[in-house]
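In: I need the structure of the sequence given here:
(one chain, ligands or ions: 1)
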Amino acid sequence: MTSTILTIGFLSNPTLIAFSQESVSITIGAADEGNLEPFFPQAINVMPGSTVSWTNEDSTEHTITADGSGAPFFDSGPIPPGMIWDNAFDSVGTFGYHCSIHPWMTGRVMVG
Ligand SMILES: [Cu+2]
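Out: Modelled structure (predicted):
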């Protein structure tokens, strides 16, 4: 009970929210072209300065690769099953990404 109350207290602190860690799952079966949610959530909203972490819950490698070549470019390289890759987002904007191995897997990070 005490830890639940403490957690709520942290979440209501705007300073901690501004630099929070946000999580996206690379879902089971993400490589299937019929999978409508290869990333969950497919679009994530974060505050500037946040770190987004992707966890590969699938059984094969995937990448988190920025669409296009504009800044900020990011590319995880192959993320093995069960591994996590983090990236910090400092500038405001909407940043699309995909998996370079399975380019039909797409997601978005919205910063602002
Ligand atoms: Cu992939």
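
In: can you pull the contacts of the residue sitting nearest the centre point of the chain?
Out: Geometric centre of the chain, nearest residue: residue 24, 4.0 Å, by CA atoms, centre = their mean. If a contact means CB atoms under 8 Å, 6 or more residues apart in numbering, then residue 24 has 39-41, 44, 52-55, 107 as its contacts. Yep, even glycine has a C-beta here, placed from its N, CA and C like the rest.

In: with residue 84 instead?
Out: Per CB under 8 Å, 6+ apart, neighbours of residue 84: 53-56.

In: what's the burial count for residue 21?
Out: Around residue 21 there are 12 other residues, counting by other CB atoms under 10 Å.

In: excluding its backbone neighbours, what's nearest it?
Out: Using CB to CB, 6 or more residues apart in numbering and skipping residues adjacent in sequence, the residue nearest residue 21 is residue 51, 5.1 Å away.

In: hang on, that neighbour is in a helix, isn't it?
Out: No: counting by DSSP: H, G, I helix; E, B strand; the rest coil, residue 51 is not found in a helix; it is strand.
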